[in-house]
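Student: fold the following and give me the result.
(2 chains)
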Amino acid sequence: EPEVTQTPSHQVTQMGQEVILRCVPISNHLYFYWYRQILGQKVEFLVSFYNNEISEKSEIFDDQFSVERPDGSNFTLKIRSTKLEDSAMYFCASSDMGGTQYFGPGTRLLVL
Amino acid sequence: KNEVEQSPQNLTAQEEEFITINCSYSVGISALHWLQQHPGGGIVSLFMLSSGKKKHGRLIATINIQEKHSSLHITASHPRDSAVYICAVGLKAGNEKLTFGTGTRLTIIP
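Tutor: So this is what the prediction gives:
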């Protein structure tokens, strides 16, 4: 069964460093999302992406964040200068026209 | 802004018990999703529904649009059902961002 994959599974970085989280959505899906979950809190929407552009973004998704679909298969989330409060589990998801979102296993980011 | 409330926050039950988890939301929606989050963190979609009832195996999800309320039921619960169950809603038709509840942590004791 097709699945969403994410790499790396864990990332530890120093505050101020740039990180890139990678996702490979399900191949025939057209809609892509990034969510995050701070430890012990609920999942929060970051950004949605369709037709090679951002369709919606949350207040969390400020200028430090960017997304890209560089090659038709990968979908990346870049955090330019990480802060301590960026420590969280980051989930990528994708969906087709039916609307059910399929989630990747997540990347656990720890900013020191 | 839609508020999504789940109850209970934690639920412990014996194996074979019938389980009900509730979700209510404040603003009209296009679809409601039930998700399961495993102890390792992975999220699996269980149901997406906009009206009525859906069933998959021992899981049943219902929604009452007028009352802005949904329930997830598990029949003949099993220890492998132990997980966090999350309700999430989408406001617009079609593919859209989800607003999540805080989840219900379910523990089934053998």
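
Student: residue contacts, the closest residue to residue B:64 other than its chain neighbours?
Tutor: Leaving aside its sequence neighbours, residue B:64 sits nearest to residue B:70 (C-beta to C-beta, 6 or more residues apart in numbering or on different chains; 7.3 Å). For every residue, glycine as well, the C-beta is placed using N, CA and C. Shown in contact with residue B:70 (C-beta atoms under 8 Å, 6 or more residues apart in numbering or on different chains): B:22-24, B:32, B:34, B:49, B:61-64, B:87.

Student: the host helix or strand of residue B:70 pairs with which strands, parallel or anti?
Tutor: Per DSSP states H and E: residue B:70 is located in strand B:69-74. Sheet pairing for strand B:69-74, assigned by DSSP bridges, gives strand B:19-25 (antiparallel), strand B:59-64 (antiparallel).

Student: could I get those as a markdown table with mean pLDDT?
Tutor: Below are those laid out as a markdown table (pLDDT from 0 to 100):
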| stretch | mean pLDDT |
| --- | --- |
| strand B:19-25 | 97 |
| strand B:59-64 | 97 |
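
Student: take those strands and write them to TSV, including distance to residue B:78.
Tutor: As requested, these are arranged in TSV below (distance: least, C-beta to C-beta, whole Å):
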stretch	distance to residue B:78
strand B:19-25	10
strand B:59-64	12
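
Student: ok, residue A:60 to chain B distance?
Tutor: As for residue A:60, its distance to chain B is 12 Å (criterion: C-beta to the nearest C-beta, to the nearest Å).

Student: that residue contacts residue A:36, correct?
Tutor: Yes - using C-beta atoms under 8 Å, residue A:60 is in contact with residue A:36, at 7.4 Å.
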